[in-house]
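Asks: predicted model follows, preceded by the sequence.
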Amino acid sequence: MRLVFGAGNADAELMFVGEAPGAEEDRQGKPFVGRAGKLLDALLEEIGLQREDTFVANVLKCRPPGNRDPLPEEIEECSPWLFRQIELIEPLVICTLGNFATKLLTGGKIGITKVHGSPQRHELGGRSIQLYPIFHPAAALRTEAVRELLQADFARLPALLEEARNSDRIEGRDEVAAPELGPGLPKSEPGAAAGGGSGADADADLGAPADAEAQVAKPGRPDTETAAADRSQLDLFE
C-alpha cells in the first residue's frame, strides 16, 4: 500500500481533487494514471490544456481494500494534507471530482448529481477560491450519459479560469504579501496504516467487491511545530 500525495505544477491555477488512488495509482505512486487519468488527460486536451498545467490530488492519500468508499475517519486523517496542498499551491479554480471531494471542500451535503457544473466561491486556506464540482472521470467511464455531462462541464473551464484571473487581478493578489502558510511540512513521509483509499479513482478494479475487511488509513498530520513551509516543499507531495 503506497502513499499517493499528488503531482503536477506547484504554481497551477487549476487543481483537481479526486477521491482516492485506484489500483494503478497505488502501483505507480502517482494520482490519476489509470483509465480515469487517461480520460482526464483527454478532456484537458479538448480545452487546450495539459496535465502539466494543473495539480492533481485526492481526498485520501492511499487506496482502500476493494476500492470501497472512504470512511469518515480516513477523510478526517487525510484532509489536513489536502488543505495544506491547497494553501501552498494557491489555485484559482479547484475542480472537485465526485461526491467526496465536493462535500469535503464545500462543506455541504448535496450530491454531485445536483451541483455539478455550478461554480461556488469558498474560503480555503485564508483565500477565496472558485470550486467547480464535476463528475469523477471513473463515473464517466461507466456511463455514457455521465461522460457527456462531464465533457459539457469541462467545456466551461476556460471561461471559468479567465473569470477567476480577472477577479484575482481586481483583488490585487499579486500586490500583497504572500499569506502566512502555517506550520511546515514533515521532513519525511508520514507512516500509513493499511487501507485508506477509495474506489472512485479505480480503473481496472471499478467492479471490485466492496466487502473487503475495513481498514483505516492514518497517514499522519502536517507537523504543527516547525517553521512556516516554503513552496519548494511541494515535492513531498509528488
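Replies: Received, thanks.
Asks: which strand in the chain has the most residues?
Replies: The longest strand of the chain (DSSP state E) is strand 127-134.
Asks: how about the following helix or strand past that strand: buried residues?
Replies: Scanning forward in sequence from strand 127-134 by DSSP states H and E, the next helix or strand is helix 137-142. Going by neighbour count (16 or more other CB atoms under 10 Å), the buried part of helix 137-142 is 137, 138, 139, 140, 141. Backbone N, C-alpha and C define where each C-beta goes, glycine included.
Asks: for stretch 25-34, same thing?
Replies: Neighbour-count burial for stretch 25-34 flags 25, 26, 30, 31, 32, 33, 34 (criterion: 16+ other CB under 10 Å).
Asks: report the distance from that stretch to the chain centre.
Replies: Here stretch 25-34 is found 13 Å from its chain centre; the criterion is CA atoms, centre = their mean, to the nearest Å.
Asks: how close does residue 28 get to residue 85?
Replies: Going from residue 28 to residue 85 by CB to CB, to the nearest Å gives 19 Å.
Asks: swap in residue 124?
Replies: Separation of residue 124 from residue 85 (CB to CB) stands at 11 Å.
Asks: these two: which has the busier surroundings?
Replies: Set residue 124 next to residue 85 and count neighbours by other CB atoms under 10 Å: residue 85 wins out with 23 against 17.
Asks: model confidence over the longest strand of the chain, on average?
Replies: When pLDDT is averaged over strand 127-134, the result is 96.
Asks: and that strand, which strands flank it?
Replies: Using DSSP bridges, strand 127-134 pairs in its sheet with strand 93-97 (parallel), strand 120-124 (antiparallel).
Asks: now the strands for the chain?
Replies: For the chain, the strands defined by DSSP E cover 6-8, 14-18, 54-58, 93-97, 120-124, 127-134.
Asks: now render those as JSON lines, adding distance to residue 112.
Replies: Output for the strands of the chain, formatted as JSON lines (distance: least, CB to CB, whole Å):
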{"stretch": "strand 6-8", "distance to residue 112": "21"}
{"stretch": "strand 14-18", "distance to residue 112": "12"}
{"stretch": "strand 54-58", "distance to residue 112": "15"}
{"stretch": "strand 93-97", "distance to residue 112": "8"}
{"stretch": "strand 120-124", "distance to residue 112": "12"}
{"stretch": "strand 127-134", "distance to residue 112": "6"}
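Asks: wait, which of those strands is closest to residue 109?
Replies: Proximity to residue 109, assessed across the strands of the chain by CB to CB, is greatest for strand 127-134 (12.8 Å).
Asks: can you give me the buried ones in the closest one?
Replies: 127, 129, 130, 131, 132, 133, 134.
Asks: ok, now stretch 14-23?
Replies: Of the residues in stretch 14-23, those buried by neighbour count under the rule 16+ other CB under 10 Å are 14, 15, 16, 17, 18, 19, 20, 21, 22, 23.
Asks: where's residue 168 relative to residue 65, distance?
Replies: According to CB to CB, residue 168 and residue 65 sit 42 Å apart.
Asks: can you pull out the helices in the protein?
Replies: 23-28, 35-46, 72-89, 99-106, 112-115, 137-142, 144-155, 157-170 (DSSP state H).
Asks: packing partners of the third one?
Replies: In other words, helix 72-89. Judged by 3 or more CB pairs under 8 Å, 6 or more residues apart in numbering; DSSP states H and E, the packing partners of helix 72-89 are strand 14-18, strand 54-58, helix 99-106, strand 120-124.
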